[in-house]
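**Q** the sequence and its predicted three-dimensional model are supplied below.
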Amino acid sequence: MFEPSSLSAEWEDLLARRPDFRDSLCLYEVVLEAWGMWSPSAVRVLCWSPEECRERWERGAALIAEAPPAFDPEALEPILGPVIEAVAGIGEVEADAMRRFAEAWDEGRLGAPALLPGLQKGGENVPAALGISGDLLGFVGYLGLRPPLEAYFAQVRPYFSADFWDAGHCPFCAAPPAFGDIADDGKRWLSCALCGGRWTIGRLRCPFCDNRDARTLTRLSAEGAEEGYVVEACDLCRGYLKGVDRRLRWNAASPLIEDWGTPHLDLIARRRGYWRGTPSLVQLAAPDPGDEGA
Ligand SMILES: [Zn+2]
Ligand SMILES: [Zn+2]
């Protein structure tokens, strides 16, 4: 179950372990506070039966594609307001972009569907029309929509079984995975940072391009005090996923918190020329060299 208060406690624990990150990651504290204050009662939940869900999953369709949520823009504002303000604090470019975001939102030119990767149709380019980079818009979406999406999918979550799903993306909201866990049983679990979905995938398989050739799959394992943390990367599509082997690090926090709290692993992966499938603060603070001017 999604409990922002326990995420806040986990976040405090993580910062106690990594005190040097406290200042550069202070944005997340504001986000967790906004999540904790928000009431999910304004969200109409998805009420499909187990059979209705299973039928979609078995033919490879994420639920959001056939049941897009209709969020009331006003109900999202108590989260989006603080998120926009926090993101605007990153720098001048972000502050300008967030001003345009807020204007477009207030005028109804921008709504939640533009922030959901699973609902984007080819040809539409909302970020370019708004003069906001895709990474930045994505980042706002991930921080602004997590609690509403958790609420939206809450009733159908228990109907999911890993046996129904064999794809790299989230079975609920269609987003790419944000973090990977090797569980006690040795299974590899993927987590969605956008809606909180979890699913399994083969150990030797790239979730982004489906590459299954061990010769082109790279695993970087941390050592010493960082033992248990891994970066799994694909040398075909160059995508990477951070993760934690919970057999070696039994006290690791939830995937979202571990993802937020390990920007140094993103930097290691990026220095080797790999890209990340989901938006992150690291990406905004230090864009890929190839992204400049885009
Ligand atoms: Zn998801
Ligand atoms: Zn790949």
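**A** In hand now; what should we look at? Ligands and ions are numbered 1, 2, ... in the order given.
**Q** distance check, residue 23 against ligand 2.
**A** Distance check for residue 23 against ligand 2: by Cβ to the ion, to the nearest Å, it reads 34 Å. (Each C-beta comes from the backbone N, C-alpha and C, glycine too.)
**Q** got the contact list for that residue?
**A** For residue 23, the contact set (Cβ atoms under 8 Å, 6 or more residues apart in numbering) is empty.
**Q** wondering if stretch 196-211 reaches ligand 2 at all.
**A** Yes: part of stretch 196-211 sits close enough to ligand 2 to count as contact by Cβ under 5 Å from the ion, namely 206, 208, 209, 211.
**Q** again, but for stretch 233-240
**A** Yes: for a cut-off given as Cβ under 5 Å from the ion, stretch 233-240 has contacts with ligand 2, namely 234, 236, 237, 239.
**Q** and residue 219, bridged to which residues?
**A** On the basis of DSSP bridges, residue 219 is bridged to residue 232.
**Q** circling back to that earlier point, and which of the residues of stretch 233-240 next to ligand 2 is nearest to ligand 1?
**A** Distances from these to ligand 1 were compared by Cβ to the ion; the smallest belongs to residue 239, at 17.0 Å.
**Q** got the phi and psi for the closest one?
**A** Summarising the backbone geometry of residue 239 under the convention degrees, to the nearest 10, its torsions are phi -80, psi 150.
**Q** kindly report the same for the one 5 residues further on.
**A** With angles defined as degrees, to the nearest 10, residue 244 shows backbone torsions of phi -140, psi 140.
**Q** the closest residue to it other than its chain neighbours: what's it in contact with?
**A** Taking Cβ to Cβ, 6 or more residues apart in numbering, and ignoring the residues beside it in sequence, residue 244 has residue 252 as its nearest neighbour in space, at 4.6 Å. Taking Cβ under 8 Å, 6+ apart as the definition of contact, the neighbours of residue 252 are 228, 244, 246, 258.
**Q** out of those, who has the most neighbours?
**A** Tallying neighbours with other Cβ atoms under 10 Å puts residue 244 at the head of the contacts of residue 252, with 23 neighbours.
**Q** report the contact partners of it.
**A** Contacts were defined as Cβ under 8 Å, 6+ apart; by that measure residue 244 touches 179, 181, 182, 228, 229, 230, 252, 255, 258.
**Q** can you count the residues close to the closest residue to the third one other than its chain neighbours?
**A** Okay, so that is residue 182. Nearest in space to residue 182, with sequence neighbours left out and distances taken as Cβ to Cβ, 6+ apart, is residue 245 at 4.3 Å. The tally of other residues near residue 245 (other Cβ under 10 Å) stands at 21.
**Q** same question for the one 5 residues further on.
**A** As a burial measure, the neighbour count of residue 250 was computed by other Cβ under 10 Å and equals 10.
**Q** nearest residue to the middle of the chain?
**A** In the chain, the C-alpha nearest the mean C-alpha coordinate belongs to residue 193, at 2.7 Å (Cα atoms, centre = their mean).
**Q** and the gap between that residue and ligand 1?
**A** Summarising the geometry, the distance separating residue 193 from ligand 1, computed by Cβ to the ion, is 8 Å.
**Q** quick check: that residue is in a strand.
**A** No: in this structure, residue 193 is coil, not part of a strand, as judged by DSSP: H, G, I helix; E, B strand; the rest coil.
**Q** check what pLDDT it gets.
**A** The predicted local confidence for residue 193 comes out at a pLDDT of 98.
**Q** which ones are touching it?
**A** Each residue near residue 193 by Cβ under 8 Å, 6+ apart is listed here: 142, 146, 175, 178, 179, 255, 256, 259, 278.
**Q** fine by me, thanks again.
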